[in-house]
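Peer 1: following is a predicted model, sequence given first.
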Amino acid sequence: MNTSAKLAITAIAMLSLGACGVARRAQEEKDRSANLQSALSNCETATFKTRLERSRCIGNAEEAYLVPGSPVADLIRVKIATRNSIAERLDMGKITQAEADLETAKAASELVGEAKQRSASSRIVQAQENAADAAAARNKPVTCYGGPQFASCF
């Protein structure tokens with residue numbers, strides 16, 4: 001697995017696992033992360049006839065251990081499908097390894113960017129809700145202005 005793919009897996013996993021707050025869920029996430037690493041290690045050491053078979057092994061591990069409960073499950077599935085598509089085209093000789101690496105890096109960058117955007121948007125909404133709750137407690141009206149990276153509430 002190339003460095004871009006590992007970074008994308010790590011970033012999406014961190015975003016997926018970062019939302020847990022209670023101890024039980026935290027332990028479940030820790031176990032899920034350990035199981036994912038074990039499954040990915042098995043995929044790395046196994047012998048496959050094609051790149052697509054290896055890609056499917058990795059995708060099955062991610063589907064089993066990253067997707068459940070993840071707020072970015074759709075992005076994980078897009079990454080899995082993209083990796084499978086690239087692997088299949090590599091196996092058929094339609095693209096070179098360099099082209100595959102470039103496509104993988106671009107896809108990883110887009111997916112991580114989307115995950116970060118969603119996380120930022122979620123934090124902005126939470127800040128607006130907190131300000132509205134605080135104002136309601138003071139019995140004063142609240143007006144919030146903001147964009148994708150900031151929020152100001154009065």
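Peer 2: The structure has been received and is ready for your questions. The structure presented is a predicted model; accordingly, all values stated were derived computationally and were not measured.
Peer 1: how confident was the prediction at the residue located most distally from the centre of the chain?
Peer 2: Distance from the centre of the chain peaks at N139, with 39.7 Å (C-alpha atoms, centre = their mean). As predicted, N139 sits at a pLDDT of 72.
Peer 1: before we move on, what about the one 4 residues further on?
Peer 2: Note on T143: pLDDT of 66.
Peer 1: output the longest helix belonging to this protein.
Peer 2: Longest helix in the chain, counting residues (DSSP state H): helix 97-138.
Peer 1: ok now it, how far from the chain's centre?
Peer 2: Relative to its chain's centre, helix 97-138 lies at 10 Å (C-alpha atoms, centre = their mean, to the nearest Å).
Peer 1: ok, now stretch 90-98?
Peer 2: With C-alpha atoms, centre = their mean as the basis, stretch 90-98 stands 26 Å off its chain's centre.
Peer 1: now stretch 98-110: mean pLDDT?
Peer 2: Here the average pLDDT along stretch 98-110 is 96.
Peer 1: alpha carbons only: can I get it in CSV?
Peer 2: C-alpha atoms of stretch 98-110 as CSV (Å, rounded to 0.1, in the frame of the first residue of the first chain):
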residue,chain,number,x,y,z
ALA,A,98,2.7,6.0,-11.8
GLU,A,99,-0.8,6.9,-13.1
ALA,A,100,-2.4,4.8,-10.4
ASP,A,101,-0.3,6.4,-7.8
LEU,A,102,-1.3,9.9,-9.0
GLU,A,103,-5.0,8.9,-9.1
THR,A,104,-4.7,7.4,-5.6
ALA,A,105,-3.1,10.6,-4.2
LYS,A,106,-5.6,12.9,-5.8
ALA,A,107,-8.6,10.8,-4.6
ALA,A,108,-7.1,10.6,-1.1
SER,A,109,-6.6,14.4,-1.0
GLU,A,110,-10.2,15.0,-2.1
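Peer 1: buried residues in it, which are they?
Peer 2: Neighbour counts over stretch 98-110 (16 or more other C-beta atoms under 10 Å) mark 100-101, 103-105, 107-108 as buried. Any C-beta I mention is one placed from the backbone N, CA and C, and that applies to glycine too.
Peer 1: sorry, back to before: who does the longest helix of the chain touch, helix- and strand-wise?
Peer 2: Other helices and strands packing on helix 97-138, by 3 or more C-beta pairs under 8 Å, 6 or more residues apart in numbering; DSSP states H and E, are helix 3-17, helix 73-91, strand 144-147, strand 150-153.
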